[in-house]
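**Student:** What follows is a predicted protein model with its sequence.
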Amino acid sequence: MTLWRGRFGEAQQASALRAFTESLSFDRRLAPDDLACSRAHVRGLQRAGLLSPEGTEQVLAALDQVEREIADGTFVFEAGDEDIHTAVERRVTEVAGEAGARLHTGRSRNDQVATDLRLFTKRSLAEVARGVLALQEVLLARAREAGGAYMPGYTHLQHAQPVLLAHHLLAHGWALARDVDRLLSTEQRADVCPLGAGALAGSSLPLDPDWVAGELGFSARFENSLDAVSDRDFVAEALFDLALLGTHLSRLGEEVVLWSSEEFGFLHLDDAYATGSSMLPQKKNPDIAELARGKAGRLIGHLAGVLATLKGLPLAYDRDLQEDKEPLFDAFDQVGRALEAMAGLMATAVFDTEAMARTADSPAAAATDLVEWLVEQGTAFRQAHELVGALVRDSVQRHVPLAELVAAHPALGSAAVSLLEPGSSVLRRTSPGGAGPGPVAEQLERFTLALSDEAGRLGRVGSPRGGPRGRA
Ligand code: ARG
C-alpha cells in the first residue's frame, strides 16, 4: 500500500523503484521516536477537536499494540512499507480502522521524520556524552594512580621535555571535555520541534505546535515551517561533533599503538583488549586502538557526505534528505563502541613507568633546563640557547657525556650539573598548567570538578529548560 494511492490508483510500483527509494531497512530504528511523535500528535488532534475522545483512545491503543509487536518481533512489515512512518500508520489503520485513518491529519511525513530524527539525535547525543564521560573517568583514575611517574614529552615525535604521565593522560581528558561541551550544545540546538510544519507550509487546521512541542519534551517549536522541514543542521552538527570526537579517539589510539610497540614499550595491553595474529604466534596486536584510529576516516566521510547532500537542496523537503540517516546512525554506533572499547583498554593497560623514566632521563632532555638556569643567572635567552645547543652538538659529535661538558663550562659548572639528574627535570615544570607535580596536582582537582560539572549537565539533559516543555 502506498500513502498516495488516491492520485496514483492501485497501480503496482516497480520493484526497482521500491528497492531504490525505501528507507525502512534503516529507519525502523526510529520506531520508538515515531510512536512518541504519533502519540503526541494524536493528543494534539483531540485537543483541537479533530479526533473524538473514543477515536483518540483507539488510536493510542493501536499505537501501544504496534509498540508491543515491534518489541516482541511479531510486527509484520509489508512490501509496500516504504519507511517506518508508512508501516506504523498502515498497521494503526488496520487495528483502529476509521480512527486510525485520521492519524495523519494535519501532518506530513516531512515534519514527522524531522521530529523523529531530532528526538533520536537529542537522546543519542546525550548517550555519547555519557560514554565520553566514562572514558574521562578512566583517564582521571589512571592519572591519579600515576602519581609522580614521568615520561618523555614529544614534539615532532622527538624527545622534547619530560612530563608527568598524569599530565599526558589528562591532555586527552581535556580534549574530551570539549567534546562533551560540543555534544551538549548541539543537543540544545536540536531541541526544537518541527511537528506542525506539515509538508512545508503549516495547516488550515487548528493545530498547536507549541503544545505538541512541550508534549514531546522539546524546549521550543519551529519558527518557520519551511525551515522546520528542510533543516538538517542538527545532523551535520552531530556528525561534526562525532567526527572531531572520533579524531580525538584516533589520536589516543595512535599513541596506544606507538606506546605498545617494542620500540617504545611504555604500555602493555591487557589480553582482553589485544588480539593475536593468525600466522605469527608471538604477536599481540593493538587492533582496538588501530580501529579507533581507523574509524575517524569513516566519521569524517559521513560529515562530508551529508554536507554535500545538503548543499544544493532547494527549500523545503527533498527526498535527498533521506540520505541523512544512515551516516548519522552509523556515526553514533561507531563512536559509542569506540568509546566503550577505549575506556576498557585504558582501564586495563599496564604502564611501564620504568621504561618511560629511562627514556625520559636522557641528559639532553634537560637541555631547556640548562637554558632556563642560565637565564636566571642573567644570560639572554637566545645566547643561552646557542650555548647549550653547542654543548649538545659537541657531546653528540665527540661522544662525551653532556654532564662532563656542563661541569667544565665556565658559565655552567657543577651547580648546573645537578639539573641533569634523572627525574629532576619534570619537577621544575612549575608554571600553571605545566607538566610538573605542582600544577598537575591542581589540574587533577580542576579536572575532577570539570567531570562533576559534566555529570550535572548530563543529568539535566531531557529535563525542563523553560519554554513549553512540561506544560499541562
Ligand atoms: N523516508 C523519508 C525520509 O527519510 C520520509 C519522508 C518522506 N517524505 C516524502 N515527501 N516523500 O526522508
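**Tutor:** Done, it's in.

**Student:** buried residues in stretch 39-50?
**Tutor:** Buried residues in stretch 39-50, counted by 16 or more other CB atoms under 10 Å: 39, 40, 41, 42, 43, 44, 45, 46, 47, 48, 50. Using the backbone N, CA and C atoms, a C-beta is placed for each residue, glycine as well.

**Student:** Please work out which residues outside that stretch touch it.
**Tutor:** Applying CB atoms under 8 Å, 6 or more residues apart in numbering, the contact partners of stretch 39-50 are 51-53, 55-56, 59-60, 63, 102-103, 105-107, 112, 195-196, 205-208, 211-212, 215-216.

**Student:** Show me those residues that map onto helices.
**Tutor:** If you go by DSSP state H, the contacts of stretch 39-50 have 53, 55, 56, 59, 60, 63, 112, 211, 212, 215 in helices.

**Student:** List the contacts of the second one.
**Tutor:** In other words, residue 55. 46, 96, 98, 99, 102.

**Student:** now do 7 Å
**Tutor:** Counting by CB atoms under 7 Å, 6 or more residues apart in numbering, residue 55 touches 99, 102.

**Student:** Close to the ligand: what parts of the stretch 1-150 of the chain are there?
**Tutor:** Residues of the stretch 1-150 of the chain lying close to the ligand (CB under 6 Å from any ligand atom) are 23, 27, 83, 109, 110, 113.

**Student:** ok, residue 350 to residue 263 distance?
**Tutor:** 17 Å (CB to CB, to the nearest Å).

**Student:** cool, residue 225 as well?
**Tutor:** As for residue 225, its distance to residue 263 is 61 Å (criterion: CB to CB).

**Student:** tell me the mean pLDDT for stretch 218-234?
**Tutor:** Stretch 218-234 shows a mean pLDDT of 98.

**Student:** Mind exporting the C-alpha coordinates of it to PDB?
**Tutor:** Presented in PDB, the C-alpha positions along stretch 218-234 are these (Å, rounded to 0.1, in the frame of the first residue of the first chain):
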ATOM      1  CA  PHE A 218      11.200  19.900  23.300                       C
ATOM      2  CA  SER A 219      12.100  23.300  24.600                       C
ATOM      3  CA  ALA A 220      10.600  25.200  21.600                       C
ATOM      4  CA  ARG A 221       8.600  24.800  18.400                       C
ATOM      5  CA  PHE A 222       9.900  25.800  15.000                       C
ATOM      6  CA  GLU A 223       9.600  29.400  13.900                       C
ATOM      7  CA  ASN A 224       9.300  28.800  10.100                       C
ATOM      8  CA  SER A 225       7.600  25.800   8.600                       C
ATOM      9  CA  LEU A 226       9.800  25.800   5.500                       C
ATOM     10  CA  ASP A 227      12.900  25.800   7.700                       C
ATOM     11  CA  ALA A 228      11.400  23.200  10.000                       C
ATOM     12  CA  VAL A 229      11.100  20.500   7.400                       C
ATOM     13  CA  SER A 230      14.300  21.300   5.500                       C
ATOM     14  CA  ASP A 231      16.700  22.000   8.300                       C
ATOM     15  CA  ARG A 232      19.300  19.200   8.900                       C
ATOM     16  CA  ASP A 233      21.800  21.400  10.700                       C
ATOM     17  CA  PHE A 234      21.400  19.300  13.700                       C
END
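
**Student:** If you count surrounding residues, which of residue 225 and residue 263 has more?
**Tutor:** Neighbour tally, residue 225 and residue 263, criterion other CB atoms under 10 Å: the higher count belongs to residue 225, 21 against 7.

**Student:** can you pull the contacts of that one?
**Tutor:** The contact partners of residue 225, by CB under 7 Å, 6+ apart, come to 197, 198, 200, 201, 202.

**Student:** Nearest residue to it in space, please, no chain neighbours.
**Tutor:** Excluding the flanking residues, the one nearest residue 225 by CB to CB, 6 or more residues apart in numbering is residue 197, at 3.8 Å.

**Student:** And the pLDDT at the one you found?
**Tutor:** 98.

**Student:** I figured it hits residue 111, correct?
**Tutor:** Yes - the pair residue 197 / residue 111 is scored as a contact, 4.2 Å apart, by CB atoms under 7 Å.

**Student:** Identify the contacts common to these two.
**Tutor:** Common contact partners of residue 197 and residue 111 (CB under 7 Å, 6+ apart): 228, 229.

**Student:** Can you find the helix or strand in this protein with the smallest mean pLDDT?
**Tutor:** Averaged element by element with mean pLDDT, DSSP states H and E, the chain has its least confident helix or strand at helix 5-8 (a mean of 79).

**Student:** And the helices in the stretch 351-472 of the chain, which stretches?
**Tutor:** 353-360, 367-376, 381-398, 402-408, 414-417, 437-460 (DSSP state H, counting those that start in this stretch).

**Student:** Can you add distance to residue 307 and mean pLDDT and give the ones you listed back as JSON lines?
**Tutor:** Output for the helices of the stretch 351-472 of the chain, formatted as JSON lines (distance: least, CB to CB, whole Å; pLDDT from 0 to 100):
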{"stretch": "helix 353-360", "distance to residue 307": "42", "mean pLDDT": "97"}
{"stretch": "helix 367-376", "distance to residue 307": "43", "mean pLDDT": "93"}
{"stretch": "helix 381-398", "distance to residue 307": "46", "mean pLDDT": "96"}
{"stretch": "helix 402-408", "distance to residue 307": "53", "mean pLDDT": "94"}
{"stretch": "helix 414-417", "distance to residue 307": "56", "mean pLDDT": "92"}
{"stretch": "helix 437-460", "distance to residue 307": "28", "mean pLDDT": "97"}
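
**Student:** Just the pLDDT for the residue nearest to residue 319 when sequence neighbours are not counted.
**Tutor:** Among residues not flanking residue 319 along the chain, residue 21 sits closest, at 7.4 Å (CB to CB, 6+ apart). We have a pLDDT of 95 for residue 21.

**Student:** Likewise for residue 462?
**Tutor:** For residue 462, the model assigns a pLDDT of 68.

**Student:** likewise residue 471?
**Tutor:** Reported pLDDT at residue 471 in the predicted model: 39.

**Student:** Now do the contacts for the nearest residue to residue 230 once chain neighbours are set aside.
**Tutor:** In space, and not counting its chain neighbours, residue 230 is closest to residue 316: 4.3 Å by CB to CB, 6+ apart. Contacts for residue 316 (CB under 7 Å, 6+ apart) come out as 200, 226, 229, 230.

**Student:** now those: which count as buried?
**Tutor:** With burial judged by 16+ other CB under 10 Å, the buried subset of the contacts of residue 316 is 200, 229, 230.

**Student:** Okay, now the unreliable bits of this structure?
**Tutor:** Low-confidence segments of the chain (pLDDT under 70): 1, 10-12, 462-472.
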